[in-house]
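Asks: Next one to model:
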Amino acid sequence: MFLVRMNVEEGLKRKAVTADKAPQGLAESLDRYLKNHGVLASLSPNEKRLVGKPVGSWAMQDIVNTSWRAEALGSILWALTQFESLPPYDTPFVLPEILGKLGNPDDFPNRTTLRTPIELSKARNAAELWHWRARTAVVQRRGVAPPPGLTFPGIIAQSAKMAFQERLIPQPIDNDFPFSGKPYSKLSDAEYQNAASIAQERHFAFNWLCGYSANWDETSTST
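Replies: Numbers count the residues shown, from 1 in each chain. Got it, this is the predicted structure:
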């Protein structure tokens, strides 16, 4: 329901949906649904803030942030064995598939089993690595100097080699993390934005799942 609200907000911003054609009483319906199923009390402060806003009042950044949060939700559903495997880091979750896994929240706990700590830890390590690679690209683009005696290509090559050996990433390409059949260093701006967002949201979800923070809204994704 939260992601449905996001889709309506996005439609209003793109003028694909007009205010008079937006689902009537959507905010009230969402609030009632969350209350009836005992979900509202579990929402984070930021989620409650967004849900409580009038339809059409979300800022564009709220819409963007919420749309990418689907990656975090998909990761949590994988952790709860609702997905057999995580999509590769060059492939986002498919929103309809995520929504199809949710079903009735009343019986959701009976349909799920949390994966083992070892599985969760490995997934978290992979997400952190991909997020580190995204942030390293930013540092390079800003012209920041590497540590004395090192080069960024050398650091990345060593990290990619170790990550592959630990089965955290696929076979490196040109001594770099592989993304859509090419080395990460060759990504376009649009590809980089997608890669960074996927990694950040999955890193966020796995840090929270692994107990790095008890506060969902303030879960750190430092690398």
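Asks: buried set for the helix or strand encompassing residue 121?
Replies: Using DSSP states H and E, residue 121 falls within helix 117-141. Within helix 117-141, the residues that qualify as buried are 120, 122-137, counting by 16 or more other Cβ atoms under 10 Å. Every C-beta, even on glycine, is put in place using the N, C-alpha and C of the backbone.
Asks: now swap in stretch 65-80 and tell me
Replies: 65-80.
Asks: nearest to residue 56, of those?
Replies: residue 66 (14.4 Å; Cβ to Cβ).
Asks: got the contact list for the helix or strand hosting that closest one?
Replies: Secondary structure from DSSP H and E places residue 66 in helix 60-79. Applying Cβ atoms under 8 Å, 6 or more residues apart in numbering, the external contacts of helix 60-79 come out as 2-3, 6, 9-10, 13, 50, 58, 83, 85-87, 92-93, 95, 98, 101-102, 114-115, 119-120, 123, 127, 197-198, 200-202, 204-206, 209.
Asks: Among those, which ones are in helices?
Replies: 2-3, 6, 9-10, 13, 50, 95, 98, 101-102, 119-120, 123, 127, 197-198, 200-202, 204-206, 209 (DSSP state H).
Asks: which of the residues you listed are buried?
Replies: Here, 16+ other Cβ under 10 Å leaves 2, 6, 9-10, 50, 98, 101, 120, 123, 127, 197-198, 200-202, 204-206, 209 buried among these.
Asks: Kindly export stretch 170-178 (C-alpha atoms) in PDB.
Replies: Taking C-alpha atoms only, stretch 170-178 is exported to PDB below (Å, rounded to 0.1, in the frame of the first residue of the first chain):
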ATOM      1  CA  PRO A 170      30.600 -12.500 -10.300                       C
ATOM      2  CA  GLN A 171      33.800 -12.900 -12.300                       C
ATOM      3  CA  PRO A 172      35.500  -9.500 -12.600                       C
ATOM      4  CA  ILE A 173      35.800  -7.800 -15.900                       C
ATOM      5  CA  ASP A 174      39.100  -5.900 -16.600                       C
ATOM      6  CA  ASN A 175      39.900  -6.300 -12.900                       C
ATOM      7  CA  ASP A 176      36.800  -4.500 -11.900                       C
ATOM      8  CA  PHE A 177      33.300  -5.300 -10.600                       C
ATOM      9  CA  PRO A 178      31.100  -6.500 -13.500                       C
END
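Asks: Check the spacing between residue 159 and residue 130 real quick.
Replies: Applying Cβ to Cβ, to the nearest Å, the value for residue 159 to residue 130 is 11 Å.
Asks: Kindly tell me how buried residue 219 is, as a neighbour count.
Replies: 18 (other Cβ atoms under 10 Å).
Asks: Isn't it up against residue 210?
Replies: No. The pair residue 219 / residue 210 is not scored as a contact, 10.1 Å apart, by Cβ atoms under 8 Å.
Asks: per-residue confidence at the most centrally placed residue in the chain?
Replies: The centroid of the chain falls nearest to residue 201 when counting by Cα atoms, centre = their mean (2.6 Å). Residue 201 carries a pLDDT value of 97.
Asks: Quick check: nearest residue in space to it, chain neighbours excluded?
Replies: Closest residue in space to residue 201, ignoring its immediate chain neighbours: residue 71 at 3.5 Å, by Cβ to Cβ, 6 or more residues apart in numbering.
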